[in-house]
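Undergrad: Provided below are the primary sequence and the corresponding predicted coordinates.
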Amino acid sequence: IDDLARELIRLSGLEVGRDIDIQYTGLRPGEKLFEELFLGGENYARTQHHKIFAAQTLARPIAALDELIEAAQAGDLARVREFLRLLVPEYNGQVMSASTDPTIAVGESSTQGANLMQT
């Protein structure tokens, strides 16, 4: 970022320290130093372009999404947890319910739940 800022200032015909100062503000809350491109244990392979990689997702069947939606609509939290663990290996087993978060109501509106799951 520093190099980019200095280059942009120079290309604008200005000089760092004379025309424009660069201030280092540090990390803001929630800001990350790096972005994880792949999950731990996830396989990836090069594509035709040497700088582009593609994740090779393992057994995460699309059919499980339909079953997850059905379980959510039926209010079957055990099945919801099971399918979440299948689809999201990092899932820690906690499912919010209407009693813990008034904005989430599992199985309350099957149309709304299906729409949320499909977006």
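TA: Perfect, I can see it now.

Undergrad: what's the helix or strand for the residue of the chain positioned farthest from its centre?
TA: Here the chain reaches farthest from its C-alpha mean at R18, the gap being 41.3 Å by Cα atoms, centre = their mean. Assigned by DSSP states H and E, R18 belongs to no helix or strand.

Undergrad: For it, give its distance to T25.
TA: Distance of R18 to T25, given as Cβ to Cβ, to the nearest Å: 21 Å. Bear in mind the C-beta positions are built from the backbone N, C-alpha and C, glycine included.

Undergrad: same question, L11
TA: The value you get for L11 to T25, if Cβ to Cβ is used, is 23 Å.

Undergrad: The two: which has the busier surroundings?
TA: It is L11, of L11 and T25, that has more neighbours when counted by other Cβ atoms under 10 Å, with 8 against 5.

Undergrad: List phi and psi for the more buried one.
TA: Main-chain dihedrals, L11, degrees, to the nearest 10: phi -70, psi -20.

Undergrad: mind checking which helix or strand the closest residue to E90 other than its chain neighbours is in?
TA: Leaving aside its sequence neighbours, E90 sits nearest to L39 (Cβ to Cβ, 6 or more residues apart in numbering; 6.9 Å). For L39, there is no enclosing helix or strand under DSSP H and E.

Undergrad: Same check on E70?
TA: Using DSSP H and E, E70 sits in helix 63-74.

Undergrad: Could you give the separation between the terminal residues of stretch 22-34?
TA: 22 Å (Cα to Cα, to the nearest Å).

Undergrad: quick one: average pLDDT of it?
TA: The average pLDDT for stretch 22-34 rounds to 85.

Undergrad: List the contacts of that stretch.
TA: Around stretch 22-34, the neighbours that count as contacts under Cβ atoms under 8 Å, 6 or more residues apart in numbering are D2, A5, R6, I9, V16.

Undergrad: which residues in the protein form strands?
TA: 43-46, 53-56 (DSSP state E).
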